[in-house]
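Novice: Provide a 3D model corresponding to the input given below.
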Amino acid sequence: MSEMSVMLVTMDFRHLPTSSYFTYGYDWAISITALTDMNGNEASTPSYLPEMLLSTSTSKSDTIQLALQSYVAQSVRIDILLYSGYLLAHKTLFGNSTVAQYAVANRALYGTTKSFVVVLTSSLSVALPMNLPIIDTYTTYPTMLINDVSTSSTRVKHSSVSGKTIFSPSSLYWGSNSAVNLPYLPYFSNCQGYGEAIHFWEIFELAPECVLVPYNETVPIHQYSFGSYPKADTCSGISINCIYDEVFSDQQSSSRWFEVGASTMIMQMSKEPMDASELSSSVLSTTEVISVTLAQTQAGGRVVPSTVHLTFQYFQRTSSRKSLVKATVEFDSYKTLNDAEYNGGTQVAYTLLIDYLPMSHTELMINFALEYHFYIILYILVGFAAVLITAIFTIYHRLVTNATDIPAFKFWSYLKFNMPPALYGMALALLPVTAVIFLIASLISGHLSSYNVWAYPCSGSDPSICQLTIFDNIPVCVFRITVLPL
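Specialist: From the prediction side, this is the model:
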């Protein structure tokens, strides 16, 4: 498997007797190993399987579907372990009823495996999602994430474990870290067909509701193509059935994602697609991310959303390149919980709707997504149009007026009378401001043109090892971002 790829493994075990005859883990089991180098001992280091698959309430005499999300180039080995002599006699049937399908991310930046990612920071006022990686157990990005995406079985609610899926306060999770990058949606941790993690490229490229435009037919938006519309990938009305993993009666110190108020930022997303290798090493600045905020809500107390609507809008820059511009979350409908649902005794379902839409030139212009020179030229054009309208208005009234004595148009006299005081006042204001700006710039940089302006004395012969600028003796705090497995 290559990086940012998925393998859908479908195992049809409906021929198996019910679990009362053969027990999973005792009579038979599934083992999946993912390694960059298969050395013959791979069976001793199997990957962790999803909680839903291992649950005793999940029927194994059914069609089991596992999605293997790979973040690096590696080899995968799938073993069906038969411990019962009766099952061993039917080993060929197990192999013939297992099928693997494979797909690779390809369209965020066409021809590459890059994908958009979520950025969660420690400064968020929202309680941590339940599908976050465990920070005290792992220190590197996982090579693979395995999800149970079976659609024939009823979803199993994931366990709520303090220090594993629930951190209150959030500082217990973050420790010395300040942010985590994720290639999938947080918060929505238990969804039919996607399991614990909904990967962006998976829904934007593989969902049946998506209309994917071939590369050679894609029509991007150019900077000055006023009023134009792109011809690009569109995903509209993706509907995913999910259940809440959270126990509503277990209150936390911070509001959970379905409890926050309107206009609250619940996460950030990268504007540009990223490689899997960049996930754990890249520290994104505020100019490289967009905020995902909750548009409106009526949730609170025992009222929770039953329909959650996510909308992602992007800029088709070229035939191959997309950039995210805007993302919003809306709660479209609500449900009032009864006692059993509120206390976690009964599952609570909700529908997740997702739209992925290209933006028109007008929408991009309104959202300030175009290059800066476009807005400079637009400002000049608007000013020219305003002057032109004023000139037409003036000429019209001078032509149709009934006055016999039309006053002369004294534009230059107007400038001669009004401009000198304005220029004089601007000069008086700029002199002290410019002096202060140059002083600050020289203290920060340590020089002014070819002259040295050192904030501290330097007795050595090599100025490069001295503390010369005003900030040189201030300690630097380095923030480490670690992306971790579930």
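Novice: which phi and psi does the nearest residue to Cys191 once chain neighbours are set aside have?
Specialist: In space, and not counting its chain neighbours, Cys191 is closest to Cys242: 4.0 Å by C-beta to C-beta, 6 or more residues apart in numbering. C-beta: built from backbone N, CA, C; applies to glycine. Phi and psi for Cys242, reported as degrees, to the nearest 10, are phi -130, psi 170.
Novice: Tell me what Cys242 is bridged to.
Specialist: Under DSSP bridges, the beta-bridge partners of Cys242 are Cys191, Tyr350.
Novice: how close does it get to Leu88?
Specialist: Distance of Cys242 to Leu88, computed by C-beta to C-beta, to the nearest Å: 39 Å.
Novice: Which residue of the two possesses the greater neighbour count?
Specialist: Between Cys242 and Leu88, counted using other C-beta atoms under 10 Å, the more crowded position is Cys242 (21 against 11).
Novice: Show the contacting residues for that one.
Specialist: With contacts defined as C-beta atoms under 8 Å, 6 or more residues apart in numbering, the neighbours of Cys242 are 155, 188, 190-192, 349-352.
Novice: quick one: which of those residues is nearest to Glu202?
Specialist: For the contacts of Cys242, the residue nearest Glu202 by C-beta to C-beta is Cys191; the value is 11.4 Å.
Novice: dump the residue contacts of the closest one.
Specialist: By C-beta under 8 Å, 6+ apart, the contact list for Cys191 reads 155, 198, 240-242, 352.
Novice: which other helices and strands contact whichever helix or strand Thr311 is part of?
Specialist: Using DSSP states H and E, the element containing Thr311 is strand 303-316. Judged by 3 or more C-beta pairs under 8 Å, 6 or more residues apart in numbering; DSSP states H and E, strand 303-316 is in contact with strand 322-336, strand 349-358.
Novice: Could you dump the ones you listed into JSON lines with distance to Tyr224 added?
Specialist: Formatted as JSON lines, the helices and strands packed on strand 303-316 follow (distance: least, C-beta to C-beta, whole Å):
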{"stretch": "strand 322-336", "distance to Tyr224": "18"}
{"stretch": "strand 349-358", "distance to Tyr224": "18"}
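Novice: need those in CSV with mean pLDDT, can you?
Specialist: CSV is the format used below for the helices and strands packed on strand 303-316 (pLDDT from 0 to 100):
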stretch, mean pLDDT
strand 322-336, 93
strand 349-358, 95
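Novice: the domain parsing of this protein - what is it?
Specialist: The chain is divided into the following domains under automatic domain parsing: 108-366, 371-407, 421-486.
Novice: Just the buried residues of the shortest one, please?
Specialist: Which is domain 371-407. Residues Phe374 are the ones in domain 371-407 that count as buried (16 or more other C-beta atoms under 10 Å).
Novice: quick one on the thing from earlier: minimum distance to Asp27: which of the domains of the chain has it?
Specialist: If you check each of those against Asp27 by C-beta to C-beta, domain 108-366 wins as the nearest, at 19.5 Å.
Novice: For this structure, which segments count as helices?
Specialist: Applying DSSP state H to the chain gives helices spanning 51-54, 85-88, 91-96, 171-174, 200-206, 339-342, 361-366, 372-400, 411-445.
Novice: just how off-centre is the last one within its chain?
Specialist: Computed by C-alpha atoms, centre = their mean, to the nearest Å, the chain-centroid distance of helix 411-445 equals 45 Å.
Novice: one step back: between the domains of the chain, which one is closest to Thr33.
Specialist: Going by C-beta to C-beta, the one of the domains of the chain nearest Thr33 is domain 108-366, 9.6 Å.
Novice: residue at max distance from the center of this protein?
Specialist: The outermost residue of the chain relative to its centre, with distances by C-alpha atoms, centre = their mean, is Thr404 at 69.4 Å.
Novice: So, low pLDDT: which residues of the protein?
Specialist: 18-20, 40-44, 134-141, 153, 160-165, 281, 454-456, 459-486 (pLDDT under 70).
Novice: My guess is Phe248 contacts Asn338. True?
Specialist: No - if you go by C-beta atoms under 8 Å, Phe248 and Asn338 don't touch, sitting 10.9 Å apart.
Novice: quick one, which of these two is more surrounded?
Specialist: Set Phe248 next to Asn338 and count neighbours by other C-beta under 10 Å: Phe248 wins out with 18 against 12.
Novice: okay, now the nearest residue to the more buried one once chain neighbours are set aside: neighbour count?
Specialist: Using C-beta to C-beta, 6+ apart and skipping the chain neighbours, the partner closest in space to Phe248 is Tyr342 (4.9 Å). For Tyr342, the count of nearby residues is 17 (other C-beta under 10 Å).
Novice: before we move on, what about Phe94?
Specialist: 20.
Novice: list the contacts for it?
Specialist: By C-beta under 8 Å, 6+ apart, the contact set of Phe94 is 11, 13, 80, 82, 87.
Novice: Then Tyr83?
Specialist: Neighbour list for Tyr83: 26-29 [criterion: C-beta under 8 Å, 6+ apart].
Novice: hmm, 10 Å instead?
Specialist: 22-23, 25-29 (C-beta atoms under 10 Å, 6 or more residues apart in numbering).
Novice: Would you check that Ile166 makes contact with Gln251?
Specialist: No - counting by C-beta atoms under 10 Å, Ile166 stays clear of Gln251, with 11.1 Å between them.
Novice: ok, those two, which is more surrounded?
Specialist: Neighbours per residue, other C-beta under 10 Å: of Ile166 and Gln251, the larger number sits with Ile166, 19 against 11.
Novice: Tell me how far the more buried one lies from Pro142.
Specialist: From Ile166 to Pro142 the distance is 21 Å (C-beta to C-beta).
Novice: circling back: now, of the domains of the chain, which is deepest in the fold?
Specialist: The highest mean neighbour count among those, using mean count of other C-beta atoms under 10 Å, belongs to domain 108-366: a mean of 18.
Novice: Show me how far that one is from its chain's centre.
Specialist: Centre-to-centre, domain 108-366 and its host chain are 6 Å apart (C-alpha atoms, centre = their mean).
Novice: ok so, going back, mind putting the domains of the chain in TSV, distance to Met7 included?
Specialist: Formatted as TSV, those follow (distance: least, C-beta to C-beta, whole Å):
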stretch	distance to Met7
domain 108-366	9
domain 371-407	40
domain 421-486	17
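Novice: out of the ones you listed, which comes closest to Leu93?
Specialist: Nearest to Leu93, of all the domains of the chain, is domain 108-366, at 18.9 Å by C-beta to C-beta.
Novice: Find the nearest non-adjacent residue to Thr98, please.
Specialist: Distance criterion C-beta to C-beta, 6+ apart; nearest residue to Thr98, sequence neighbours excluded, is Met11 at 4.8 Å.
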